Structures are given as structure tokens and as C-alpha cells.
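S.K.: model this:
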Amino acid sequence: MKVPGGVEAFTVTAIEQTGGVVERGADGLHTVLWTEPESGDVTVRQLAFDPELLDEVPDAELVSFASPTLERLLRDTAASGRVARAFLDTVVTATPSMANQLRRAYRFVESVWSPQGGRPWWVPTGLFLFRVRYLSDEREEDLLEIAVNLTDGRLLRRLQDALDRHGVVADPVEAWPMMAERPAAEAYAVARREIEQRLSAPLGSRRRELEARRTRESGRAWTYYTELIRELEARRAELSTDNPEQAALGSKRLAIERERDGRLGELGAKYRLSAELSLLSVLRLYLPRVVFAGALAGKRREAPLALTWDPVERTGEPARCGRCDSLTYEVGLHRGGGIACPRCLEGGDRSH
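M.R.: Residues are numbered from 1 along each chain as shown. I've put the predicted structure just below:
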């Protein structure tokens, strides 16, 4: 079942909640009144959410993940106070034993990694709070939270355990440097995909339950109207074909059939399930990490390789392949220079 919303729903909500006005037009095309933060001037724009609409309205702005318009909305939403900030309440120190544990978390392809010193950093994490509303014969809503590492876009599935153990504070316990963030829209895209996957099972379960109820009630309604029609036809069978009452009974049958069809349509609408998904807020939570500078050395080559240790979960974080940008726990030295994952190494000379 498709969950309506996505970038279009978030954009409309964000514009309205930051003081803008949205005039909804055709599917995927809206006209908005937008206040420019620098000048305070109000401008009129057309926003498109389907690339095919640009052929019809070439002056419209396409809004998609990582587009400048969506990035601005995320910044404006943050500036409006819908994004809070907190720090995990813990202190860490880089130690030699930590570096040894970190080394064991990876497989180095025909090479050896040597640490050269570690330094604590704060890593930004986005906690996206979504509200989902289930609409059918009853209305229910639920709140779901998705945590995304804002530096590499990974989902953090055990963050609640860390929060329960350490708690959070408004100010950092140590003035460590902050890791750079990727575009906010990328993290939102990750959170959105995850929330839709999580909703797939409960939506399917609710849909099957509603369908079973619709089938039962429709069956009872069909039986009821079928009996009415049977009784009416029995009366008509007792009359001669030229009896004036035949026409009245025929009209009554049509009325019963219309009432039956209307009732079945009402039951179909009553038990039709839809879901509305909206982003309520974002908490930017900073987590401690220890980054160890180091070098990966083979027989003939060497390249710098910094690895990151998660002191809360006591595990290494995946390294990033210098060729395909994927995250991996297996790295080697590429013949063209730099660090690469096994898949990128397969086509090259792996002798070092």
C-alpha cells in the first residue's frame, strides 16, 4: 500500500508552518507565497514535484531530494525552532587498547593498518519524529522515530539503548570538534524510506483486517437485499403480466437495487484504509566518536586511512571506499592509489 506524502507533503507543511501560503493546484504542482528572509519581500513561486510537469510549466521549480528549495525549507524549519539540539552525556578518551579493538573490527586485504593517534569528535545524528495517521472507519495515529547518522547517512537502530544508558544534556560535556554533515535532504530521504518500510507490515495487517470486516458486512447486506428482491419477485410471479401492480413492483425492485449498491459502496468507503505521514520535528543529537588517524600499508603501496571507533556501542564504524563511496569493513590498497573496497579491488592489480 502506497503511503501518500513524501517530499511534496513535507514541503507543503514546512512552507505553511514557516509563514508561507500554498495554493494547491494540479497533482504535483503548487503555487506558493514565499517570504525572502533577507529582504522580507514576498515572492510568488510555482513548485513542481514531478519532472514531467516542467514541460508544461518550464518556469516552475522542481523540488526533489537534495534540491536547493528543499534544502532551504529544512534550514528554515530548523531556524523556526522545530529542530532541537542535544549531546549524549558521556566522556571518552582515546587509548591504545581502543585502537587495537578498532583494528580487529576490519579485514584489511593484503595490507596492515597502523594507528597514529586518536581524537574524540562529535558526530551529528538526526532523530526524525514522524506522525502517521491511519484513516478508515476509525482514526488512529502513532509516533515513530528514525535516527540517521548525518555524516554518512547510515541508520542507527540501537540509539535508544545509548540514550537510556547515558542520557542527554543541552551543552557538550567536552568541546570536541564537530564532524561535517552531508546535505540535510539526504538524511531526510533515508529516514523517509525507512519509515515507509516500517509501515508496510502494519498497513498490510490493518488492510487485511478491514477487508475481512468489509467482506462480512457486505455479505450480510447482500443477503438482506437479495431476500427483499426474492420476496418481491415472488409477489410479481403471483400476478398476471398485465396487472397494473407489475410496474409498481418493478420500480420498487430498481429502488432496492439502488439502495443495495449504495450500501455496498458505503461499506467499501468505510473500510478503505489510507495513511497520512508527516514530519513533526527533528532532534540533532551529537554522539561521541574517536577517530584514529593511521596508514594502510601493503608490499609496495601505502595510503592514509582514518578509522572511527564508536565508544558507546564499542565497535568500529565502516570505512568509506575511495572509489565507489560505499561503506565497508573490508579495505585494501587500489593500484590507482587510495583505499578501496573488495569489489573495486577485483578489477585492479591487488599486488602491493
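
S.K.: Okay, helices next: where are they in the stretch 51-200 of the chain?
M.R.: Using DSSP state H, counting those that start in this stretch, the helices assigned to the stretch 51-200 of the chain run over residues 53-56, 68-77, 96-103, 159-166, 184-238.

S.K.: Please identify the deepest-packed of those helices.
M.R.: A comparison of the helices of the stretch 51-200 of the chain by mean neighbour count, using mean count of other CB atoms under 10 Å, puts helix 68-77 on top with a mean of 18. The C-beta positions use only the backbone N, C-alpha and C, and glycine is treated the same way.

S.K.: how far away is the most centrally placed residue in the chain from Gly25?
M.R.: Residue closest to the average C-alpha location in the chain (CA atoms, centre = their mean): Arg192, at 0.9 Å. As judged by CB to CB, to the nearest Å, Arg192 and Gly25 stand 23 Å apart.

S.K.: repeat for Arg198
M.R.: 32 Å.

S.K.: just for this structure, where's the confidence low?
M.R.: For the chain, the stretches flagged by pLDDT under 70 are 1-7, 17-19, 26, 36-40, 65-66, 71, 74-83, 347-352.

S.K.: In the sheet, which residues pair with Arg85? Tell me.
M.R.: Taking DSSP bridges as the rule, Arg85 bridges to Arg284.

S.K.: ok now do it, which residues does it touch?
M.R.: 170, 283-286 (CB atoms under 8 Å, 6 or more residues apart in numbering).

S.K.: among these, which ones are buried?
M.R.: Among the contacts of Arg85, those classed as buried by 16 or more other CB atoms under 10 Å are 283-286.

S.K.: Please tabulate those in JSON lines and include distance to Ile256 as additional columns.
M.R.: Shown next, in JSON lines, are the buried ones among the contacts of Arg85 (distance: CB to CB, whole Å):
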{"residue": "Leu283", "distance to Ile256": "58"}
{"residue": "Arg284", "distance to Ile256": "62"}
{"residue": "Leu285", "distance to Ile256": "62"}
{"residue": "Tyr286", "distance to Ile256": "68"}
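
S.K.: which one of these is nearest Leu155?
M.R.: For the buried ones among the contacts of Arg85, the residue nearest Leu155 by CB to CB is Leu285; the value is 14.0 Å.

S.K.: What's the local residue count around the closest residue to the closest one other than its chain neighbours?
M.R.: Closest residue in space to Leu285, ignoring its immediate chain neighbours: Thr125 at 4.7 Å, by CB to CB, 6 or more residues apart in numbering. By the criterion of other CB atoms under 10 Å, Thr125 has 23 neighbours.

S.K.: ok, now how distant is Thr125 from Leu264?
M.R.: 50 Å.

S.K.: repeat for Leu210
M.R.: 15 Å.

S.K.: Kindly report the same for Ala189.
M.R.: 41 Å.

S.K.: before we move on, what about Glu276?
M.R.: Glu276 is 26 Å from Leu264, by CB to CB.

S.K.: Tell me where the stretch 251-352 of the chain has strands.
M.R.: For the stretch 251-352 of the chain, the strands defined by DSSP state E, counting those that start in this stretch occupy 274-297, 302-304, 307-310, 315-317, 319-320, 327-328, 330-333, 339-340.
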